[in-house]
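Visitor: build me a model from this:
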Amino acid sequence: MNGVSNKPYVLLVDTPSSDGHALPPEAIQQRSWELLRIPDMEKAFEVIQGHEVAVVVVDCGNDKDDWRLFLSRLKIHDVMVIRLVPKPGNVEDQGSLVQLHQILTAHCDPDELIAAIERSFKTWVWLQANPMLDTLLAQLRYLPSLPSLYFALQDEINAPCSNIRRIAKLLVRDAPLVARVLRIANSGFYAHPREITDIHEAVSLLGHDLLLGIVLSAHLIDTLPLPGLKPEVLWKHNFTVARVAGKIARMNGCSADLIQSAGLAGLLHDIGSLVLLANLPDSYPTLLRKAGTDEKQLIELERQRWGGGHSDIGAMVLNLWNLADPVVEAVALHHDLDGETFHQANPVAQAVFAAESLVRGYRIYGRDALANFEAELPFLNAPDLYDACAPLVSVGM
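Guide: Numbers count the residues shown, from 1 in each chain. This is a model prediction of the structure:
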């Protein structure tokens, strides 16, 4: 190190089997962090112990012993981690090694790597301002990573010659997931005149974003230890919020992309609760029972206890998964908008907040829900929303 920076460091660590990465100097100027290339792991720990380090980027190469030991040692330090791996699906055994972290392919382009660093740095800054939540994260053992199927689907969806046939071919590798997709396509939310038995038709009906959301949700529910959870109840609630959010976004004149994003955010809005339940099986169910069906009370109890709630945890996970900013913001704010902040939020966040409020109110108050919406949330234009969305909400109850 030629000099000591006043900015937090981002360390780019090479392992013996890594290829090395070049980031253009002009691309890292005027950042809130200072990039420092480190030639080996031991040197990285020397820097971490003597300086403020926000993010560590490690090229894992093909030597599992190298990076497993390094990542396990990193876990006790207050840093965010970005793992560069040979292939996107090559992420085995990472769940208990580090805290929330991102995974990129080793040959990603410089812009993608810099964007990932910015996301991690933003999360690190937020955690520095929320020490209670930072302490909570340090206790978490089970943290979700993106499944390899998600990467494969995303690549196919973004390919110039993408088509439903190839997308369906990827899905059929996972028979339980295909069954889940078909059940959703045949649910009362779509009121299809006949049963859909073809996965190609189901994919066409659901759309790409919602399909990716189903893949992520199924992965979380299937891989995290979730004591006492009733998966079908969770699926029904989240998909109800997703469909209502999409409906509201459409009513508000949003573009097709934003309507899809509203559905995706609605489907994923409670993933923070899954993370907390998986990691705190003794204490979190107590909060769930105390809050009952009132998620707004649940978020208040979570923040009293840990300095943050499931919406905060969920937003951090989605941010590090590189989901679109409107989706991340919608998950972060799905309990937190009011008459002033509602109109400042992006349209996706508005739609998900309104959808969650309608579903929550309907569940608590039943047919008296509209009176409560008008009293508590007058800025939602509740009569119009209620009349338009009540059929969808009732299907999900």
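Visitor: residues near residue 75, how many?
Guide: 14 (other CB atoms under 10 Å). To be clear about C-beta, it is placed using only N, CA and C from the backbone, and glycine gets the same treatment.
Visitor: state the distance from it to residue 56.
Guide: 11 Å (CB to CB, to the nearest Å).
Visitor: likewise for residue 40?
Guide: In terms of CB to CB, residue 40 sits 13 Å off from residue 56.
Visitor: residue 12 now?
Guide: 8 Å.
Visitor: okay, these two: which has more neighbours?
Guide: It is residue 56, of residue 12 and residue 56, that has more neighbours when counted by other CB under 10 Å, with 28 against 24.
Visitor: what sits against that one?
Guide: 10-11, 13, 44, 48, 74, 79-82 (CB atoms under 8 Å, 6 or more residues apart in numbering).
Visitor: same question, residue 232
Guide: Residue 232 touches nothing, counting by CB under 8 Å, 6+ apart.
Visitor: what pLDDT is listed against it?
Guide: Residue 232 is assigned 82 on the pLDDT scale.
Visitor: check which helix or strand residue 102 maps to.
Guide: strand 101-105 (DSSP states H and E).
Visitor: now do the buried residues in stretch 199-210.
Guide: 199, 202-210 (16 or more other CB atoms under 10 Å).
Visitor: give me the subset of the residues you listed lying in strands.
Guide: Among the buried residues of stretch 199-210, no member is found in strands (DSSP state E).
Visitor: these: which two are farthest apart?
Guide: Pairwise distances across the buried residues of stretch 199-210 peak at 17.3 Å for 199 and 209 (criterion: CB to CB).
Visitor: run a quick neighbour tally on residue 272.
Guide: Neighbours of residue 272 (other CB under 10 Å): 25.
Visitor: and if you look at residue 54?
Guide: 24.
Visitor: so it lies in a strand, does it not?
Guide: Yes. Checked against DSSP: H, G, I helix; E, B strand; the rest coil, residue 54 lies within a strand.
Visitor: was I right to think it contacts residue 11?
Guide: No. With contact defined as CB atoms under 8 Å, residue 54 does not count as touching residue 11 (9.1 Å).
Visitor: how about the spatially most central residue of the chain, nearest residue that isn't a chain neighbour?
Guide: The residue lying closest to the centre of the chain (CA atoms, centre = their mean) is residue 318, at 2.3 Å. Once flanking residues are discounted, residue 318 sits nearest to residue 328: 4.8 Å by CB to CB, 6 or more residues apart in numbering.
Visitor: where does the stretch 51-200 of the chain have low pLDDT?
Guide: Scanning the stretch 51-200 of the chain for pLDDT under 70 picks out 60-66, 86-100.
Visitor: helices along the stretch 151-300 of the chain, start to end?
Guide: Counting by DSSP state H, counting those that start in this stretch, the stretch 151-300 of the chain has these helices, from start to end: 164-171, 175-185, 199-206, 208-223, 231-251, 256-268, 271-279, 284-291, 295-306.
Visitor: mind checking which of the ones you listed is nearest residue 128?
Guide: Of the helices of the stretch 151-300 of the chain, nearest to residue 128 by CB to CB is helix 295-306, at 16.0 Å.
Visitor: report the set of residues contacting both of residue 40 and residue 56.
Guide: residue 13.
Visitor: per-residue confidence for residue 332?
Guide: We have a pLDDT of 94 for residue 332.
Visitor: regarding the closest residue to it other than its chain neighbours, what is its secondary structure?
Guide: Of all residues not flanking residue 332 in the chain, residue 315 sits nearest, at 3.6 Å (CB to CB, 6+ apart). Recorded secondary structure, residue 315: helix (three-state DSSP).
Visitor: what sits against the closest residue to residue 225 other than its chain neighbours?
Guide: Of all residues not flanking residue 225 in the chain, residue 278 sits nearest, at 5.3 Å (CB to CB, 6+ apart). Listed by CB under 8 Å, 6+ apart, the contact partners of residue 278 are 142, 224-226.
Visitor: least confident pick among the residues you listed?
Guide: residue 142 (74).
Visitor: find the nearest non-adjacent residue to that one, please.
Guide: Residue 142's closest residue in space is residue 278 (CB to CB, 6+ apart), at 4.4 Å.
Visitor: circling back to that earlier point, which among the contacts of residue 278 end up buried?
Guide: For those, buried by 16+ other CB under 10 Å: 224, 226.
Visitor: need the contacts of residue 278 in CSV (columns: distance to residue 341).
Guide: What follows is these, written out as CSV (distance: CB to CB, whole Å):
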residue, distance to residue 341
142, 32
224, 31
225, 35
226, 32
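Visitor: next helix or strand past the strand holding residue 102?
Guide: helix 110-128.
Visitor: now that following helix: buried residues?
Guide: 113-114, 116-117, 119-124, 126-127.
Visitor: so how far is stretch 307-319 from its chain's centroid?
Guide: Put simply, stretch 307-319 sits 8 Å off its chain's centre (CA atoms, centre = their mean, to the nearest Å).
Visitor: picking up where we left off before, quick check: the farthest pair among the contacts of residue 278?
Guide: Pairwise over those, using CB to CB, the maximum falls at 142 and 226, 9.5 Å.
Visitor: residue 361 versus the residue nearest to the centre of the chain, what's the distance?
Guide: 25 Å.
Visitor: residue 136 now?
Guide: Residue 136 is 29 Å from residue 361, by CB to CB.
Visitor: go on, residue 126?
Guide: From residue 126 to residue 361 the distance is 30 Å (CB to CB).
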